[in-house]
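J.: Sequence first, then the predicted structure:
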Amino acid sequence: MAVAYKRLGKSGVLVSNICLGTMNFGWHTSVQDSFAIMDRALELGINFFDTADVYGWDTYHGYTEEIIGKWLAQGGQRRENIVLATKVFNPAHREKDEWEPNRTGRNLSSMKIRRHLDASLKRLQTDVIDLYQVHHIDRDCSWEEAWDAFEDIQVQGKAVYIGSSNFAGWHIAAACESARRRNRQGLVSEQSIYNLNNRMVELEVLPACESYGMGFIPYSPVAGGLLAGALQKASDGRRSNSWVTEKIENARPQLEAYESLCREVGIEPAILAMAWMFQNPRVTAPIIGPRTIQQLEDAVKATDVTLDKELLGRLDAIFPGPGGAAPEAYAW
């Protein structure tokens with residue numbers, strides 16, 4: 001198993017070509033198991049860890065950051081050995097009935113960015129966030145206001161790089177052009193959903209990232225389990241969540257062809273879906289969200305799988321995507 005390293009977009013920092021997603025920590029994965037997964041990730045060479053101030057869900061928002069902070073506090077150069085990413089935009093409150101518009105509302109006001117960053121630093125038990133990401137676009141807040149806050153926290157040494165998540169191509173352009181007018185670096189990465197079954201970012205998001213020299217960090221590489229042998233698991237009587245069950249019915253012909261192809265080539269469905277990601281030069285590091293160490297190790301196995309042109313063509317035939325970049329995908 002071989003983890004490689006790539007530049008994060010136009011930045012000089014090197015990140016592993018697998019990003020450890022932590023959304024399950026404290027939710028589907030116990031604190032003890034979360035610690036073990038992070039330890040094993042480091043052993044495997046994974047140095048890119050992603051979280052968000054909203055993760056923790058039913059326990060309370062920010063709980064996942066607290067788990068990571070306790071792991072980092074054990075020392076042993078854990079903090080020095082990772083590129084730590086978190087996000088801002090969503091609510092982040094401990095009690096379900098707790099609400100305050102400038103702290104728990106969804107926005108990118110300068111006030112919220114500053115308050116949320118300080119809260120994340122405290123929970124993570126660190127003095128700097130390496131990659132601070134906008135979790136979603138705020139259509140009502142100007143980029144001038146947001147960049148005021150981001151520039152200040154960078155000057156203060158509280159954040160190194162700024163990234164985006166769930167942006168459309170024109171959102172990326174608006175943010176980067178606003179930063180350019182201020183003679184600032186702007187966004188270094190975009191994090192968005194991308195997998196064989198959902199290739200919409202190929203229309204405009206990936207071309208925008210390429211144009212602005214941004215890294216691309218896709219999440220949900222196995223489509224929430226859909227591309228991990230969902231049909232076979234269902235036929236074996238293994239439980240799946242209602243979301244996956246609904247998606248199975250919507251994509252059954254494609255999944256039947258896909259799982260048949262996996263059996264033919266002798267590659268497990270989840271590993272093939274991940275290998276397709278690693279083969280794409282526009283992808284910096286797909287985010288994996290393992291609930292167990294075994295799921296982590298399975299994802300790393302995919303780095304050793306090479307897909308030839310014929311197999312890539314057969315995957316394109318099953319999951320054709322939007323037809324490439326816009327406007328050629330739908331016009332001349």
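T.: Sure thing, it's come through.
J.: quick one: low-confidence parts of the stretch 151-300 of the chain?
T.: 237-243 (pLDDT under 70).
J.: For it, which segments count as strands?
T.: 159-165, 187-193, 215-219, 287-288 (DSSP state E, counting those that start in this stretch).
J.: could you dump those strands to TSV with distance to residue 34 and mean neighbour count?
T.: For every residue, glycine as well, the C-beta is placed using N, CA and C. Formatted as TSV, the strands of the stretch 151-300 of the chain follow (distance: least, C-beta to C-beta, whole Å; neighbours: other C-beta atoms under 10 Å):
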stretch	distance to residue 34	mean neighbour count
strand 159-165	22	23
strand 187-193	20	25
strand 215-219	18	24
strand 287-288	14	24
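J.: Out of those, which gets nearest to residue 118?
T.: Closest to residue 118 of the strands of the stretch 151-300 of the chain is strand 159-165 (C-beta to C-beta; 11.0 Å).
J.: contacts for that closest one?
T.: The contact list for strand 159-165, computed with C-beta atoms under 8 Å, 6 or more residues apart in numbering, reads 8, 11, 13, 85, 87, 117, 128-137, 150, 153-154, 171-172, 175, 185-192, 214-215, 217.
J.: before we move on, the earlier item: can you redo the strands of the stretch 151-300 of the chain as a markdown table with distance to residue 234?
T.: Below are the strands of the stretch 151-300 of the chain laid out as a markdown table (distance: least, C-beta to C-beta, whole Å):
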| stretch | distance to residue 234 |
| --- | --- |
| strand 159-165 | 31 |
| strand 187-193 | 23 |
| strand 215-219 | 24 |
| strand 287-288 | 22 |
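J.: For my notes, confirm residue 133 occurs in a helix.
T.: No: secondary structure of residue 133 (DSSP: H, G, I helix; E, B strand; the rest coil): strand, not part of a helix.
J.: surely it meets residue 84?
T.: No: counting by C-beta atoms under 8 Å, residue 133 sits too far from residue 84 to count as a contact (11.2 Å).
J.: Pick out whichever of these two has more residues nearby.
T.: Shown here are residue 133 and residue 84; by other C-beta atoms under 10 Å, residue 133 has more neighbours (27 against 23).
J.: Could you report the distance from the more buried one to residue 83?
T.: 12 Å (C-beta to C-beta, to the nearest Å).
J.: Tally up the residues packed near the closest residue to residue 247 other than its chain neighbours, please.
T.: In space, residue 247 comes closest to residue 226 once its chain neighbours are excluded; the distance is 5.0 Å by C-beta to C-beta, 6 or more residues apart in numbering. The tally of other residues near residue 226 (other C-beta under 10 Å) stands at 26.
J.: just the one 10 residues further on next, same as before
T.: Other residues within reach of residue 236 by the criterion other C-beta under 10 Å amount to 8.
J.: now it: how far from residue 229?
T.: 9 Å.
J.: cool, and residue 36?
T.: Taking C-beta to C-beta, one finds residue 36 at 25 Å from residue 229.
J.: likewise residue 286?
T.: 18 Å.
J.: same deal with residue 182?
T.: As judged by C-beta to C-beta, residue 182 and residue 229 stand 48 Å apart.
J.: same question, residue 22
T.: Counting by C-beta to C-beta, the gap from residue 22 to residue 229 is 24 Å.
J.: The two: who's more crowded?
T.: More crowded of residue 22 and residue 229, by other C-beta under 10 Å: residue 22, with 28 against 23.
J.: Now do the contacts for the more buried one.
T.: When contacts are counted by C-beta under 8 Å, 6+ apart, residue 22 touches 34, 49, 50, 51, 55, 64, 67, 68, 289.
J.: In space, what's closest to the residue most central in space within the chain - neighbours in sequence excluded?
T.: The residue lying closest to the centre of the chain (C-alpha atoms, centre = their mean) is residue 219, at 4.0 Å. Sequence neighbours aside, residue 287 is the residue nearest to residue 219 in space, at 4.4 Å (criterion: C-beta to C-beta, 6+ apart).
J.: my guess is that neighbour contacts residue 195, does it?
T.: No: look at residue 287 against residue 195 with C-beta under 8 Å: they stay out of range, at 11.0 Å.
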